[in-house]
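>>> kindly generate the corresponding structure for this input.
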Amino acid sequence: MRDKTKVVITSGYRWSYFQWFLLGFYELEKKGDISLHFSLPPSSFCLSKFSSNLLLKIADKLRRTFETDSYNMDGYIEYIHNGKREKKYFTVDSADAPYLFDERKLKSVNCYFKMQCPLSFEEEGFKLTDSIVIPWCDHAHVNSKLKLTERGERKKIARLDSCKIKPLLNATRSLGKGISYNDLKSGYKNYIKDRRINKEKKIMCYFGNSLGPKAEKNPIPDFDWEGDIMGYFGDKVCHPNEKRAKIADILNQMEDTDSRIISNANADSDNEKNLPEIPLKDFCAHVAKFEYNINVSGYRMSIPSRFIESMMVGTAIVTDQLKVRWFLPFDEEVVEISEMGYLPDYKINWRKVKSDLENLKDSNPQKIVKRYEDKWAPIKVAEYMIKTIKEI
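Model prediction:
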């Protein structure tokens, strides 16, 4: 009997971000390639065992009470290499901002997976637009008393050691309420069942707001808060939500399209919605009707869940120019057009954007599905992770 690679998960507060990778590990275990183990605080460990909604709610409340918030999922692998047992530590960083890292963790692990991995690591920081560079920042605040998501100046990382940083991907918003195999597999099957090769219409967009968050003029900004970014850089930036509203207007003038902006209010406001939101369980069924789903990079130029939620049902993505990358290059599943993001509106050639959308070639849903299965399915991602950890 061969000595299997042992994968041990030791923490993961924001579990919904990591369910894709856990499902991949579970699938590898069922194939006999690895053994998967959890060494977690009791409340999180319960999430890997329970299936009933009541028990999951109790476990989640205990977790939020007794565990410390983190953007990371941590773990290690053990395996035999050249007759010797090797042990290597890894973390998966789910922070939306491509310029936000856990410097302490980066120094302590062997392999640091970044779900929103920058295209490049320039010494001065992350290029948000053609004229704005945001310095590499720590998850941690200068004021150590502040909690992870509270507003406050982040520590700067003077020199980002990128040799350990490896790209990953951002997957679905949620596969289930817990992290047991049955829960995750059931959620995954719910998405996949809506896959369609024959499409009804050409292009869709589905965005939350037509305005960004209200600008906050803080002299020392927290770059993990979009309101601080908008206030600090002022006229040098224009929020992606405003561009999304213009994209929706363009689609409204075209045939075979469906454009939805849920609210005309500022992001994260409680103002009345124009349209009802599509329930998450039904979202992939809606997306699957279209050849293309439109993205405009927001949340600090991150790649959102709509990418994987589209590809898995055979729908391609048309997007502005990306500033982050996944662990393999995109093929037919992603079409990049003009740069938009946080650029000031006057720098965008809207005539070209409109022309690009009107002249999109017919997609190939069957090929998109194959690309998805070959590259982005949970088991493929898990295989990549283990191979990368061993090779680093």
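>>> if you average the pLDDT over the host helix or strand of Thr65, what comes out?
Taking DSSP states H and E as the definition, one finds Thr65 inside helix 53-66. If you average the pLDDT over helix 53-66, you get 85.
>>> chain center to it: distance?
In terms of C-alpha atoms, centre = their mean, to the nearest Å, the centre of helix 53-66 is found 24 Å from the chain centre.
>>> need the contact list for the most centrally placed residue in the chain.
Of all residues in the chain, the one closest to the mean position by C-alpha atoms, centre = their mean is Asn170, 3.0 Å from it. Taking C-beta atoms under 8 Å, 6 or more residues apart in numbering as the criterion, Asn170 is in contact with 115-116, 302-305, 307-308. (Glycine included, C-beta is placed from N, CA and C.)
>>> now do 7 Å
Residues in contact with Asn170 (C-beta atoms under 7 Å, 6 or more residues apart in numbering) are 115-116, 303-305.
>>> in a markdown table: these, plus neighbour count, pLDDT and distance to Lys352.
Below are those laid out as a markdown table (neighbours: other C-beta atoms under 10 Å; pLDDT from 0 to 100; distance: C-beta to C-beta, whole Å):
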| residue | neighbour count | pLDDT | distance to Lys352 |
| --- | --- | --- | --- |
| Met115 | 25 | 98 | 31 |
| Gln116 | 26 | 98 | 27 |
| Ile303 | 25 | 97 | 22 |
| Pro304 | 18 | 96 | 23 |
| Ser305 | 16 | 97 | 27 |
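>>> closest one of those to His286?
In terms of C-beta to C-beta, no member of those lies closer to His286 than Ser305, at 14.0 Å.
>>> how many neighbours does the closest residue to that closest one other than its chain neighbours have?
Nearest residue to Ser305 in three dimensions, chain neighbours excluded: Arg173, at 4.8 Å (C-beta to C-beta, 6 or more residues apart in numbering). Using other C-beta atoms under 10 Å, the number of residues around Arg173 comes to 15.
>>> can you give me the strands in the stretch 51-200 of the chain?
In the stretch 51-200 of the chain, the strands defined using DSSP state E, counting those that start in this stretch lie at 72-81, 84-93, 100-101, 111-114, 117-118, 126-127, 133-134, 137-141, 154-156, 165-167.
>>> reformat those as JSON lines; add mean neighbour count and distance to Gly178.
Putting these into JSON lines (neighbours: other C-beta atoms under 10 Å; distance: least, C-beta to C-beta, whole Å) gives the following:
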{"stretch": "strand 72-81", "mean neighbour count": "19", "distance to Gly178": "15"}
{"stretch": "strand 84-93", "mean neighbour count": "17", "distance to Gly178": "18"}
{"stretch": "strand 100-101", "mean neighbour count": "22", "distance to Gly178": "27"}
{"stretch": "strand 111-114", "mean neighbour count": "24", "distance to Gly178": "22"}
{"stretch": "strand 117-118", "mean neighbour count": "22", "distance to Gly178": "28"}
{"stretch": "strand 126-127", "mean neighbour count": "22", "distance to Gly178": "34"}
{"stretch": "strand 133-134", "mean neighbour count": "17", "distance to Gly178": "36"}
{"stretch": "strand 137-141", "mean neighbour count": "19", "distance to Gly178": "25"}
{"stretch": "strand 154-156", "mean neighbour count": "18", "distance to Gly178": "32"}
{"stretch": "strand 165-167", "mean neighbour count": "18", "distance to Gly178": "27"}
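>>> among those strands, which comes closest to Ile348?
strand 126-127 (16.8 Å).
>>> got the contact list for the residue lying closest to Asp60 once chain neighbours are set aside?
Closest residue to Asp60 apart from its sequence neighbours, by C-beta to C-beta, 6+ apart: Leu47 at 7.2 Å. Contacts for Leu47 (C-beta under 7 Å, 6+ apart) come out as 15, 56, 59, 178-179.
>>> let's have these in TSV, adding neighbour count and distance to Leu275.
What follows is the contacts of Leu47, written out as TSV (neighbours: other C-beta atoms under 10 Å; distance: C-beta to C-beta, whole Å):
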residue	neighbour count	distance to Leu275
Trp15	20	30
Leu56	20	30
Ala59	21	34
Gly178	24	31
Ile179	27	32
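>>> which of the contacts of Asn170 lies closest to Glu242?
Pro304 (16.9 Å).
>>> can you tell me the SS state at that closest one?
Under DSSP: H, G, I helix; E, B strand; the rest coil, Pro304 falls in the coil class.
>>> for Pro42, see how far away it is.
As judged by C-beta to C-beta, to the nearest Å, Pro304 and Pro42 stand 33 Å apart.
>>> circling back: could you dump the strands of the stretch 51-200 of the chain to JSON lines with mean pLDDT and distance to Val313?
Below are the strands of the stretch 51-200 of the chain laid out as JSON lines (pLDDT from 0 to 100; distance: least, C-beta to C-beta, whole Å):
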{"stretch": "strand 72-81", "mean pLDDT": "97", "distance to Val313": "26"}
{"stretch": "strand 84-93", "mean pLDDT": "97", "distance to Val313": "25"}
{"stretch": "strand 100-101", "mean pLDDT": "98", "distance to Val313": "30"}
{"stretch": "strand 111-114", "mean pLDDT": "98", "distance to Val313": "25"}
{"stretch": "strand 117-118", "mean pLDDT": "98", "distance to Val313": "25"}
{"stretch": "strand 126-127", "mean pLDDT": "96", "distance to Val313": "31"}
{"stretch": "strand 133-134", "mean pLDDT": "97", "distance to Val313": "34"}
{"stretch": "strand 137-141", "mean pLDDT": "98", "distance to Val313": "33"}
{"stretch": "strand 154-156", "mean pLDDT": "97", "distance to Val313": "37"}
{"stretch": "strand 165-167", "mean pLDDT": "98", "distance to Val313": "24"}
